[in-house]
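# Can you look at this prediction? I've put the sequence above it.
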Amino acid sequence: MSANVPLAPAPEAPPEIRAAQEERLRKVWTTPSGWRYWTSVNNTEIGLWYGAAAFIFMLFAGLLGLMVRVQLAVPENTFISADLFNQAFTLHGTIMMFLFAVPIFEAVAIYLLPSMLGTRELPFPRLSAFGFWSFALGGVFVCGSIFFNAAPNTGWFMYPPLATDKEYSGIGADIWLLGLSFIEVASIAAAVELIVGIMKCRAPGMRINLMPLFAWYLLIVAGMILFAFPPLIAGDILFEMERMFDWPFFDAARGGDPLLWQHLFWIFGHPEVYIIFLPAIAIMAMVVPTFSQRPIVGYSWIVLAAVGTGFLSFGLWVHHMFATGLPQMSLAFFSAASEAVAIPTGVQIFVFIATMLAGRVIFSVPMLFGAGGLAIFIIGGLTGVMVALVPFDWQAHDTYFIVAHLHYVLIGGMLFPVVAGIYYYYPLLDGKKLSDRLGKIAFWLMFTGFNTAFFPMHFAGLRGMPRRVFTYPADVGWDWFNMISTIGAFIFAAGVGLVVIDVVRPKKKQPRCPENPWNAGTLEFIGSPDEKWGVRSVPVIHSRYPVWDQKDLVENISAGRYFLPDSQSGQRETLVTTVLDARPVQCLRVGGTSVVTIVAALSLGGVFIALTFHWWLVTIACAVITLGAILYWLWTGTATIPESDDYDVGMGVRLPVYASGPDSVGWWAMFITMVGDGTAYASLIFGYFFYWTIHDDFTGGHAGPGVFWPMVALTLFVIAWGAMLAARSLNAHDRPRLTQAALGVAALLSLGGCAAGLAGPFAYEMDPTLYVYPAIVWVVAIWTVVHGAVGIIMQLYCLARSLTGRMTARYDMDIDNVVLYWHFMVITAVTSFGVLGLFPLVR
Amino acid sequence: MRWIKEIETFWTLFTAPTVWALHFLVCYVAVAVYCAKQGALAMSFETMRWLLGGITVAALAVIVLSAWLAWRQWGFGTEVPPHDAPTQDDRRKFQGFATLLLSGLSFVSVLYVTVPLFFIGACQS
Amino acid sequence: MVVGGAIIWALVVGLLLYAGHARREPITARKASWLILGGGVAFPVIVLFCLLAYAVWLMPQIRPFMPALMDNKPQIEATGEQFWWRLRYLDDGGNTAFETANELRLPVGERTTFRLKAADVIHSFWIPSLGGKMDMIPGRDNVLSLEPTKTGVYRAPCAEFCGTSHALMAFSVIVMERPDFDAWRQSRIEAAAMPQPAHPGRDLFFRHGCAACHTIAGTPAIGRIGPDLTRIGERQTIAAGTLANTKDNIARFIREPDAIKPGVEMPAFGMLPDGDIEAIAAWLGGLK
């Protein structure tokens, strides 16, 4: 289906045709006004809101950080109470990690990627909007809790049994668990969007060796999210089951183990550091070549570093647990991987230095923040190498040395590059530059303030000051370090404040800067801030720095001489290209402005919020609304049969509008989602075997679910899967009646499978509150049955699509995606019921 | 079936790091289960170290194989980077070179993970 | 390591600043690639490998494999509780020889073995001057050994966040010569058999129910909920490293423990007559 790409732009169309094209494009891509502005799904709006919200959360968490610093300025201070202090530092960490560091990169990616990849939109704009609204609601919920004295107060790592103690943590722990689970869903949505976008929606000709490095980094980061966040979601499920229904997953008295949470949390927590760091370095990888006025030296090395870091970062999690009493051999493995991860990180820094050396550097404000950030980050990296050594960490763990280390890493490796990015990319917003003078002052305030605040913490930590203390005695020699830190923190805050002032100050009178103000070589700056269509036409790319290397590229794009200069269908269109060589294969119609995303996000938020307060009826009502909204969204907005199968995308190329199976972006999205889902499931199974390892008899003498019912469930799900394969095949042979019959049979079999799955633990009266074994059996069974239920909904959806003629032999995207779901479903069912039924026999 | 071919070639980039991940996981799980289930297994810690040593050699062999394939894809280094021409050939060479680099990193990382096997001889924490 | 780190930092940042300097000739791409290979790859690979090997070699030196620990027969069992430390000295058979709280005494120059437990939430046992930390986790018995090399008094804070007053949970460690340690240990074992003389404070202690939670050897007080108060007068601090050990402070703590240590389990006894509280404090402070 792929077309050969013509290299030369098409001849210029007459002005009146171009004007008509522009008029149509403008109409299609327009952002509504009034309150409907908020229903926009355009990547520039969503990216902007996302970024602004994340930034506001960051400022709030910064204030909390200042509160912490004021309390610690002098020994035995009484500025805030112990409990408020504990809420403040918990929320400070939680917000910075979950509501700022991860979302800000999602924001930047959603905002920049389409233009950077030379395309119009990411493949699922409504999903981006859904993610944003989930994030905003969850974030406000979590932040707001402190005003009701109900914020989580157990540290951002939420270790049980402190965090499962309802008397101590009150509702705060539930707010943390449910609020953040909700935000994690948004992150996974963003990961799906970014992976499919980067792999499938690049400008024609942008082969993977020509992709901007930012895209390479984001691709890796999105992949990491897919494997890092689900274990935390699994942990959240276990945790919330313990808090809500007293299932003893982490209660040692009933066979649980607090360490399981630490494993699940840090399997998420350490990759997360790199999920935060890599996108910031990705911004640097765009800034450095621009200001060195030459292509990056060592493009492949950066790819090595990104991929290498992505993998190695999953072998580090136990270095947060060096003091938990695991065997020395286990600790040493993780120490080894923690040292190894420093290698790709070092490579990245040297790539930047080499690029600067090989070019002529213009030292502007973005470079200032970038270089300053690197100088700070290197200190954090070196202390990181130290704390990764087990003997050193036994001493430094949970002291202020670690506080210093992590702030050096995150502020140097993330905040400074992000501010560099703000100064670099701000002209995209309204065509105006931020102030050079304010930027320089802000930089020096932030740089000196930061070091004044955090460098002394190394010494306080080495002198034995533990973390998370709301006060400390006067006579142990920590007081001066803390006083200096507090002063530094305020200088640093002044710098951040100056950046904020620079961003929000009115710029009406300021003249516009040129469209590509820094003379960048990549495509971000080619679009005009006044137009919502992204690029006027989708260009053909044959260089890593097309703006530098491709003659008249910008003029030709603006003249509409490339792909999709028009929207004849009156819908938002973008191109789908192949993964490696970016040959165009499909004209994709993406979702436009819609209120359904907000409804779905807010009602899903309602589910989580109602659960926090145990309002069961509201929970169910919100869940029904969510399901309805999502079904409506899918029914009206996806897999629509086009008016014609063959569409003129310009430059004399005709492409199909409808694709199904692995050629379609929807299939990829399903695949990626299910990989994440499978990771969460694997974490639960890990939990099952974890309990087996720590106990001599992990059943604790309690009855299991037997063999019979699990085997019945397994068999029914396998046959249901077979029926789905049959349905797909029948549909492909254009036998709608038989297809519908097969779907109906599959749904009935699945229903039987669900019932049999629950029948096992039910028949043996397994009481999940008595001991951890019945509890983990129930969780695995329920997880599988819930997935079975979702499978049934999908089967019925396909049935309805077929009955209404929206799914045919040619237009079969729905059933292709559902069968893909069922591949994962059958693996889940076989594993679950095989393990539950048979493992107790063979152990 | 063009898609299948394309995906396969895209995924080769991750071969060596995946081997590293598997090797790491095997080492970690083996030690964790062994130490948790001491007594239940009729195997000495020494034996397990040798066993993991054997697995390490196998992992290194696969990484070297992946490196050789990558080297071949890179054309045995006949052309040096940046491989930034808009051709299928340069794209392949870029993939080969990046895969080769990743194999190197994975090789070193597997060696790093082997260090504990030399120095630590018991389950104690 | 710190010096090495400082040198590496200075070199890299120096290079960065030089690279940012505008008036110099750009180097060739080839040279730049060599820089990446040398500075970014070869140097870190070698240095990190050496560091790693040294550190892993060091681990069993710092925490040697000890048969006493392998057989779970340590000398001391320490339990973290919100927000204090229960310390049990064990005899050779693994039974409790005597119990104390919040102040540990160790002999110098020899390795002492510990079993670490937690009663409620996770705590972490850490004597910074003697060695690294080890968590105390409910449901798990962790082991640790430490070898003090100098006599003296050391402070040991809890190193894992454990609730409202995590900051106010510490103990003191007194490292003594072997003969002194033996004498102290023996006298503590014998304390149970030596009745405490009468004292007005002693009567009030029992009358107001303090014995329900606290044990004092040589008296009928055998409460198990709170810290053992035997010879509390000889300790460096009270309230788990929170206050200096003075009679006034003991009285203050009896009066309003929650104000000194938020979230503490002990109820406030501010409703008692001041005289009673002072008498109890005087008696406790005198237990040596």
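Received the coordinates, thanks.
# residue boundaries of the helices in chain C?
C:2-20, C:29-35, C:43-62, C:67-70, C:178-191, C:200-207, C:247-255, C:257-260, C:274-285 (DSSP state H).
# hang on, I meant chain B
Ranges of helices in chain B, per DSSP H, are B:2-11, B:15-36, B:45-73, B:88-119.
# Pass me the low-pLDDT residue ranges in the chain, would you?
All of this refers to chain A. For chain A, the stretches with pLDDT under 70 are A:1-5.
# ah, no, chain C please
Looking at chain C by pLDDT under 70, you get C:22-23.
# switch to 80 and redo it
Along chain C, segments meeting pLDDT under 80 span C:1-6, C:18-25, C:70-71.
# for the residue nearest to the spatial centre of it, what are its contacts?
By C-alpha atoms, centre = their mean, chain C has its centre lying nearest to residue C:156, at 3.7 Å. Shown in contact with residue C:156 (C-beta atoms under 8 Å, 6 or more residues apart in numbering or on different chains): C:104, C:125-128, C:170-173, C:241. Heads up, the C-betas are built off the backbone N, CA and C, glycines and all.
# and of those, the nearest to chain B?
residue C:125 (12.7 Å; C-beta to the nearest C-beta).
# which strands and helices sit next to the host helix or strand of residue A:630?
Using DSSP states H and E, residue A:630 sits within helix A:616-637. Judged by 3 or more C-beta pairs under 8 Å, 6 or more residues apart in numbering or on different chains; DSSP states H and E, the packing partners of helix A:616-637 are helix A:596-612, helix A:772-803.
# Of all those, which one is nearest residue A:301?
The closest of those to residue A:301 is helix A:596-612. By C-beta to C-beta, the value is 39.7 Å.
# packing partners for the closest one?
helix A:125-144, helix A:172-200, helix A:616-637.
# got those as TSV, with mean neighbour count columns?
As requested, these are arranged in TSV below (neighbours: other C-beta atoms under 10 Å in any protein chain shown):
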stretch	mean neighbour count
helix A:125-144	24
helix A:172-200	25
helix A:616-637	15
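# Nearest approach to residue C:12 belongs to which of these?
helix A:172-200 (31.0 Å).
# how much does the closest one deviate in direction from helix A:596-612?
Going by axes from the mean of the first three to the mean of the last three C-alpha atoms, to 10 degrees, helix A:172-200 is angled at 150 degrees with respect to helix A:596-612.
# So for the residue of the stretch 301-450 of chain A found nearest chain B, what's the nearest residue that isn't a sequence neighbour?
Residue nearest to chain B within the stretch 301-450 of chain A: residue A:332 (3.3 Å; C-beta to the nearest C-beta). Spatial nearest neighbour of residue A:332, excluding adjacent residues (C-beta to C-beta, 6 or more residues apart in numbering or on different chains): residue B:116 at 3.3 Å.
# Those residues of the stretch 251-400 of chain A touching chain B, which are they?
When proximity is defined as C-beta under 8 Å from any C-beta of the partner chain, the stretch 251-400 of chain A approaches chain B at A:295, A:298-301, A:303-304, A:307-308, A:310-312, A:314-315, A:325-330, A:332-337, A:339-340, A:343-344.
# where does chain B have low pLDDT?
In chain B (pLDDT under 80), the answer is B:1-10, B:38-42, B:77, B:79-80.
# and it, which of its residues are near chain C?
Residues of chain B lying close to chain C (C-beta under 8 Å from any C-beta) are B:81-82, B:108, B:111-112, B:115-116, B:118-122, B:124-125.
# Could you check how far residue A:781 is from residue A:764?
Going from residue A:781 to residue A:764 by C-beta to C-beta, to the nearest Å gives 12 Å.
# Then residue C:271?
Between residue C:271 and residue A:764 the computed distance is 54 Å (C-beta to C-beta).
# more neighbours, these two?
More neighbours surround residue A:764 than the other of residue C:271 and residue A:764, with 16 against 8 (other C-beta atoms under 10 Å in any protein chain shown).
# That one: what's it in contact with?
Residue A:764 makes contact with A:703-706, according to C-beta under 8 Å, 6+ apart.
# which one is it nearest to, not counting chain neighbours?
By the measure of C-beta to C-beta, 6+ apart, the closest residue to residue A:764 outside its immediate chain neighbours is residue A:703, 4.3 Å from it.
# How many residues are close by that neighbour?
Neighbours of residue A:703 under the rule other C-beta under 10 Å: 16.
# What of residue A:697?
Here the number of neighbours of residue A:697 (other C-beta under 10 Å) works out to 11.
# which SS state does it fall under?
In the three-state summary, residue A:697 is assigned as coil, counting by DSSP: H, G, I helix; E, B strand; the rest coil.
# ok so, going back, show me what the next helix or strand after the helix holding residue A:630 is packed against.
Scanning forward in sequence from helix A:616-637 by DSSP H and E, the next helix or strand is strand A:647-650. In terms of contacts (3+ C-beta pairs under 8 Å, 6+ apart), strand A:647-650 is packed against strand A:584-589, strand A:653-655.
# and residue A:755, which of these is closest to it?
It's strand A:584-589; of these, that one is closest to residue A:755 (C-beta to C-beta) at 40.3 Å.
# Could you tell me the angle between that closest one and helix A:616-637?
Interaxial angle, strand A:584-589 versus helix A:616-637 (the same axes, to 10 degrees): 120 degrees.
# picking up where we left off before, kindly list the main-chain dihedrals of the residue of the stretch 301-450 of chain A closest to chain B?
Main-chain dihedrals, residue A:332, degrees, to the nearest 10: phi -70, psi -40.
# contacting residues for the residue nearest to residue C:80 when sequence neighbours are not counted?
Distance criterion C-beta to C-beta, 6+ apart; nearest residue to residue C:80, sequence neighbours excluded, is residue C:123 at 2.9 Å. Shown in contact with residue C:123 (C-beta under 8 Å, 6+ apart): C:80-81, C:135-136, C:158, C:160, C:162, C:169.
# Repeat the analysis, applying 7 Å as the threshold.
Residue C:123 sits next to C:80, C:136, C:158, C:160, C:162 when contact means C-beta atoms under 7 Å, 6 or more residues apart in numbering or on different chains.
# Okay, and the beta partners of the second one?
Assessed by DSSP bridges, residue C:136 has beta-bridge partners residue C:123.
# correct me, but it touches residue C:117?
Yes. Using C-beta atoms under 7 Å, residue C:136 makes contact with residue C:117 at a distance of 5.9 Å.
# who's more crowded, the two?
Set side by side, residue C:136 and residue C:117 show more neighbours around residue C:136, with 31 against 21, by other C-beta under 10 Å.
# List the residues that contact that one.
The contact partners of residue C:136, by C-beta under 7 Å, 6+ apart, come to C:80, C:116-118, C:122-125, C:142.
# Also residue A:372?
Per C-beta under 7 Å, 6+ apart, neighbours of residue A:372: A:416, A:443, A:447.
# Look up how far chain B lies from residue A:614.
Counting by C-beta to the nearest C-beta, to the nearest Å, the separation of residue A:614 from chain B is 37 Å.
# What's the local residue count around that residue?
When neighbours are counted by other C-beta under 10 Å, residue A:614 registers 11.
# Now it: closest residue in space that isn't a chain neighbour?
In space, residue A:614 comes closest to residue A:244 once its chain neighbours are excluded; the distance is 7.4 Å by C-beta to C-beta, 6+ apart.
# List the buried residues in the helix or strand where the one you found lies.
Per DSSP H and E: residue A:244 is located in helix A:213-245. Buried residues in helix A:213-245, counted by 16 or more other C-beta atoms under 10 Å in any protein chain shown: A:213-243.
# for stretch A:777-796, same thing?
Taking 16+ other C-beta under 10 Å as the criterion, stretch A:777-796 shows A:777-785, A:787-788, A:791-792, A:794-795 as buried.
# how's chain C carved up into domains?
Using automatic domain parsing, the domain parsing of chain C gives C:2-62, C:67-191, C:200-285.
# Select, out of the ones you listed, the one closest to residue A:595.
Smallest distance to residue A:595 across those (C-beta to C-beta): 43.6 Å, for domain C:67-191.
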